[in-house]
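[1] got a structure for you, letters missing:
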């Protein structure tokens, strides 16, 4: 739910789990009755998460091949479940490039309301009008910065999307 250009509420329905994750700006995030909280992992060496390279720029995909063993990761092929796992503290990050609002608005709010850090690859806040430029949702800014330093900065500049 976007009001005046700001994501105020977000919902992710977990079909298999039979529960809905709910986030309200400034009010926290919940999965059923469980209050969500991101992990307390601060070091990339201990982190695990999700990287989806399918829609990334060619330079980023090529660079990824040489550094992909730097951190434990996979992809579920479903951003909703990836965001939910970051918000639950079961994963520490999720990295995306193509920013369709139906894929990212609710999940980004969920992670933020669970105490996480979400920003675009250039460090700008993610807003509903964004459709490109990459995004990392993480347990904290330290993990976000490490992911940027290893996977993004060496090959990505905003004018080469």
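    It's in. Please read these numbers as outputs of a predicted model, since none were measured by experiment.

[2] use CA for all of it now, contacts and neighbours both
    Will do.

[3] how would you label residue 129: helix, strand or coil?
    Following DSSP: H, G, I helix; E, B strand; the rest coil, we place residue 129 in the coil state.

[4] Tell me how far it lies from residue 120.
    Distance from residue 129 to residue 120, counting by Cα to Cα, to the nearest Å: 12 Å.

[5] Looking at these two, which has the bigger crowd around it?
    Legend: neighbour count by other Cα atoms under 10 Å for residue 129 and residue 120, higher for residue 120 (22 against 12).

[6] my guess is that one meets residue 134, correct?
    Yes: look at residue 120 against residue 134 with Cα atoms under 8 Å: they come within range, at 5.4 Å.

[7] Neighbours of the spatially closest residue to residue 8 that is not a sequence neighbour, how many?
    Nearest residue to residue 8, sequence neighbours excluded (Cα to Cα, 6 or more residues apart in numbering): residue 25, at 5.0 Å. Counted with other Cα under 10 Å, the neighbours of residue 25 add up to 15.

[8] What of residue 157?
    12.

[9] Please apply the same query to residue 40.
    13.

[10] Over to residue 77?
    12.

[11] residues near the closest residue to it other than its chain neighbours, how many?
    With sequence-adjacent residues excluded and distances taken as Cα to Cα, 6+ apart, residue 77 is closest to residue 52, at 7.5 Å. Neighbours of residue 52 under the rule other Cα under 10 Å: 19.

[12] Just to check, residue 144 is in contact with residue 137?
    Yes: between residue 144 and residue 137 there is a contact under Cα under 8 Å: 7.2 Å.

[13] Give me the common contacts of those two.
    93, 117, 118 (Cα atoms under 8 Å, 6 or more residues apart in numbering).
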